[in-house]
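In: Quick one: sequence plus predicted model below, questions after.
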Amino acid sequence: MDLRFRPEYEAFRQEVRAFLTQHWTDEDRASAPPVNPRGMSLGTAIRNDERATRFRLAAIERGYLYRHVPRRYGGSEQPFDPLKLAIIQDEFRKAEAPGELIGQGPSMLVPTLLEHGTEEQKQRFIRDTLLGKIQWCQGYSEPGAGSDLASLRTRADLDGDFFVVNGHKIWTSNADTADWMFALVRTDPDKPKHEGISYLLIDMKSPGITVRPLRQMTGEADFNEVFLDNVRVPVTNLVGKRGQGWTVSRSTLKHERNLIGSALLSERVLDGVRFLAQALELRGRPAIQDPVLRARLVELETKVLASRYHGYRLLTLQARGEDPGIAGLVTKLYGTTLGYDVARLAMDVLSDRGLLAPGETTAPAMGMFLTAYMWSLGILIAGGTANIQRNVIAERGLGLPRDPRAQRDTGQNPKEG
Amino acid sequence: MDFGLSADQLLFQQTLRRFLAEQCPMTRVRAIMETETAHDLALWQGLCGLGVPGLIVPAEHGGGGLELLDLALAAEELGYACTPGPFLGHALATICVIEGASEEQRGHWLPTMAEGTSIGTVAWGEAGSQWNPEHWATFYEGGTLSGEKLFVPFANVADVLLVGARNAEGSVRLYRVEREAPGITITPLAVVDMTRKVQHVRFERTPATPLEGPPSGLQRAIDAGCILVAADAFGGSRRCLEMAVSYAKTREQFGQVIGAFQAVKHQLANMACELEPALSLWWYAAHAYDHIRDQCERHAAMVKAHLTDLYDRMTRDATELHGGIGFTWEFDLHLWFRRAIFDRGFLGDAHYHRERAARLAGW
């Protein structure tokens, strides 16, 4: 065990720092557009203006961003090295420089296209997606197909060189602003449910698409319903073979869980809660002097640290080329339940001040913690609910038998990444 | 950067696990814990043969010259195997000497402790759940100790006791006492964890030798104790989860193995989800003990609280998942349940250590 980086890695760190000093100046940093309340999970990573694009192109050129993507598709094509990756992320975060864009396009669609896409699809979509020029939404869930995703009913019927799509997608984040949707549709209704599904790329400007915003419990409308009425999609937009959409989507979901499992958000929110507990008075003394709140702060800090060190362990296993097994499967459940507990502690520190809504100017931190509290529930559900995660841990991690009913249908559980 | 065990560490852990499975299976555990002392000389000598008592003792004093992480890996395996005997108290007594004695004293005392022919223990806790040295009342005056120490592991087996006591200047220091010294009264107790028996020890003008090394030795030993208890708790928790998973795969009800029911799966998944990241937590604390000293005390306090709370939940969930059989004396699970109770109380409860962590952060 050695938590220091070897000299070659320290040299690499210096190189990254020098690059950042030169290419991401104080002026660039100061020009950041305002971050929305939800942006605190994403920070500068989502920044997508001209300066950010210019910087990203330089960083790709130097081999710092999108290292897993070949150069011919707009990546920097570097050998897999989790330690260098950790150094890059660390230094970029400290410099508040734009990192790899995260979100459904770069984090989910791009890896899927790299694995299953045609040469034409890769050329057409990957580069622009990595730079944020094409925005994506995910057309998976339907009113009748949530955790049991494979029971989806949106149909795509072949008509010459086109699929004609009819159906109804729901919980579609960013559908109102997205340029394209990657969707699961049923192309072969007569086949067993997992075998009749295909993975299609749908242009959101196509005639027949109606997007209706859904307001979530936070009051904002970040997700939508999408109605598809005789939408014509060229067959060249099929990813993988017809009927293989389920397999193709499994690789996408795996990437989504990596996106959601990170401990960083909890770490930052907990820093905020501690600050809040030191600043706010609770019944005549700083909240942090309340013995129960103190104990819970320490307890959650301990779990946040466990999460961070667990990340070190996974990183080491990756670097050694070993399969992390169950250690890799628990990350999402641990991280999201921890996020939930941290946000709940914030509400207890706020006490009656938690009654004030986000945006209320007299509320501590403008009510930001209430947004975090509600979003901690959303994150518990997104990408496979906590109970679905428990199935995955139990079945694949502990080797317990699969659910007999799901097995009868398909031999595999729905929504399993 | 490498946050994982070395090939040597993995090999050592496997060797120790195999030794315990062969030399101290559960039938042997029960036989030993039913004896008056719960100390089996043959088992202890076997552990000495593997170098366990002296792992962390510097090589020039006859030990393995390894780090706290290596010792904690041993604690994990002993916890996993439910091993009875004086390992923990001995390890802490050894660390008291390594960290708190003068070079000359180390040269005198460590070699026999490293080979395990002289068994040590620590006498720290006092009445009123006082594990905080600032509140200890046992005092040293004119070459002798007087006072009462509670919950001393294997006091009736140990050759030497490392006692925390107040000197004439009011500072708390470590003192070495031989068990055969005059003025010692050892009170046997009926205890929950029969694999690690504790006694109360009363000193009445008992001759004692002050440790003449750095005064920080006591806190170092307390930190090490918190980390070793955490590693023990992890080993026991891992064993309980393994037993519960294996039972869920074989026990049939309603025409199928109970592990196919989601209620059972989810309970087991929750246990695994809590357990996995906890491993990295005590690894880090053990690593910090030798390499990131300024973080050690606070991490030690946090892992003691976290892992022993976890151990409590794991033993209770595992018992619940076993149904009626889990509640019987014949079934082994309750032996870990009892060890969890020891780990929670010994060195102070979780709340005490969380409060300490809060203070250490300056809150």
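Out: Alright, I've got the coordinates. Numbering: from 1, shown residues only, chains lettered A, B, ... in the order given.

In: What are the boundaries of the strands in the stretch 251-363 of chain B?
Out: Residue ranges of the strands in the stretch 251-363 of chain B, as given by DSSP state E, counting those that start in this stretch, are B:252-253, B:256-257.

In: Tell me which of those sits nearest to chain A.
Out: strand B:256-257 (6.2 Å; C-beta to the nearest C-beta). Bear in mind the C-beta positions are built from the backbone N, C-alpha and C, glycine included.

In: so of the strands of the stretch 251-363 of chain B, which one's packed in deepest?
Out: Mean neighbour count (mean count of other C-beta atoms under 10 Å in any protein chain shown) peaks for strand B:256-257 among the strands of the stretch 251-363 of chain B, with a mean of 14.

In: okay, the strands of the stretch 251-363 of chain B in a markdown table with distance to B:Ala340 and mean pLDDT next?
Out: Supplementary listing: the strands of the stretch 251-363 of chain B in a markdown table, determined by distance: least, C-beta to C-beta, whole Å; pLDDT from 0 to 100:
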| stretch | distance to B:Ala340 | mean pLDDT |
| --- | --- | --- |
| strand B:252-253 | 27 | 96 |
| strand B:256-257 | 27 | 95 |
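
In: possible to save these as CSV with distance to chain A?
Out: Output for these, formatted as CSV (distance: least, C-beta to the nearest C-beta, whole Å):
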stretch, distance to chain A
strand B:252-253, 11
strand B:256-257, 6
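
In: want to try a markdown table for these, with distance to B:Asn132 as columns?
Out: Compiled in a markdown table, the strands of the stretch 251-363 of chain B are given as follows (distance: least, C-beta to C-beta, whole Å):
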| stretch | distance to B:Asn132 |
| --- | --- |
| strand B:252-253 | 49 |
| strand B:256-257 | 49 |
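
In: Against chain B, how distant is the nearest residue to A:Pro358 once chain neighbours are set aside?
Out: What sits nearest to A:Pro358 in space, not counting adjacent residues and going by C-beta to C-beta, 6 or more residues apart in numbering or on different chains, is A:Gly367, at 3.8 Å. With the distance defined as C-beta to the nearest C-beta, to the nearest Å, A:Gly367 ends up 25 Å from chain B.

In: A:Gly367 belongs to a strand, doesn't it?
Out: No. Applying DSSP: H, G, I helix; E, B strand; the rest coil, one finds A:Gly367 to be helix, outside a strand.

In: Confirm for me that it is in contact with A:Thr361.
Out: No. Using C-beta atoms under 8 Å, A:Gly367 makes no contact with A:Thr361, being 9.1 Å away.

In: Where does A:Ala295 fall, secondary structure wise?
Out: Here A:Ala295, judged by DSSP states H and E, is contained in helix A:291-320.

In: ok, back up a step: neighbour count winner among A:Gly367 and A:Thr361?
Out: Here A:Gly367 and A:Thr361 are set side by side on neighbour count (other C-beta atoms under 10 Å in any protein chain shown), and the busier one is A:Gly367, at 22 against 7.

In: In contact with that one, which residues?
Out: Applying C-beta atoms under 8 Å, 6 or more residues apart in numbering or on different chains to A:Gly367 gives the contacts A:356-360.

In: neighbour-wise, which of these leads?
Out: Most crowded among the contacts of A:Gly367, counting by other C-beta under 10 Å, is A:Pro358 at 19 neighbours.

In: any idea how far that residue is from A:Asp2?
Out: According to C-beta to C-beta, to the nearest Å, A:Pro358 stands 44 Å off from A:Asp2.

In: what's the answer for B:Leu16, then?
Out: Shown here: B:Leu16 relative to A:Asp2, a distance of 23 Å by C-beta to C-beta.

In: more neighbours, those two?
Out: When B:Leu16 and A:Asp2 are compared on other C-beta under 10 Å, the one with more neighbours turns out to be B:Leu16, at 22 against 12.

In: Give me the buried positions along the host helix or strand of the more buried one.
Out: In this structure, B:Leu16 is located in helix B:7-23 according to DSSP H and E. Residues of helix B:7-23 classed as buried under the neighbour-count rule (16 or more other C-beta atoms under 10 Å in any protein chain shown) are B:9, B:12-13, B:16, B:19-20.

In: what packs against the helix holding A:Ala295?
Out: Under the contact definition 3 or more C-beta pairs under 8 Å, 6 or more residues apart in numbering or on different chains; DSSP states H and E, helix A:291-320 sits against helix A:82-94, helix A:264-279, helix A:326-329, helix A:331-350, helix B:262-291, helix B:293-322, helix B:350-360.

In: My guess is B:Ala233 contacts B:Asp343. True?
Out: Yes. Here B:Ala233 lies in contact with B:Asp343, judged by C-beta under 8 Å, at a distance of 4.7 Å.

In: Mutual contacts of the two, please.
Out: Common contact partners of B:Ala233 and B:Asp343 (C-beta under 8 Å, 6+ apart): B:307-308, B:311.

In: ok, these vs B:Ala38, which is closest?
Out: B:Tyr311 (19.7 Å; C-beta to C-beta).

In: where does the closest one land on pLDDT?
Out: B:Tyr311 carries a pLDDT score of 98 in this model.

In: And for it, the neighbour number?
Out: When neighbours are defined as other C-beta under 10 Å, B:Tyr311 has 30 of them.

In: try the one 4 residues further on
Out: B:Thr315 is flanked by 26 other residues according to other C-beta under 10 Å.

In: List the residues that contact it.
Out: If you count contacts by C-beta under 8 Å, 6+ apart, B:Thr315 has them with B:236-237, B:240, B:333, B:336-337, B:340.

In: how close does A:Gly354 sit to A:Leu280?
Out: With distances taken as C-beta to C-beta, A:Gly354 is found 11 Å from A:Leu280.

In: chain center to stretch A:77-91, what's the gap?
Out: In terms of C-alpha atoms, centre = their mean, to the nearest Å, the gap separating the centre of stretch A:77-91 from the centre of its chain is 19 Å.

In: Do any residues in it lie close to chain B?
Out: Yes. For a cut-off given as C-beta under 8 Å from any C-beta of the partner chain, stretch A:77-91 has contacts with chain B, namely A:83, A:86.

In: avg pLDDT for that stretch?
Out: The pLDDT scores in stretch A:77-91 average 84.

In: likewise stretch B:138-145?
Out: So the average pLDDT for stretch B:138-145 ends up being 97.
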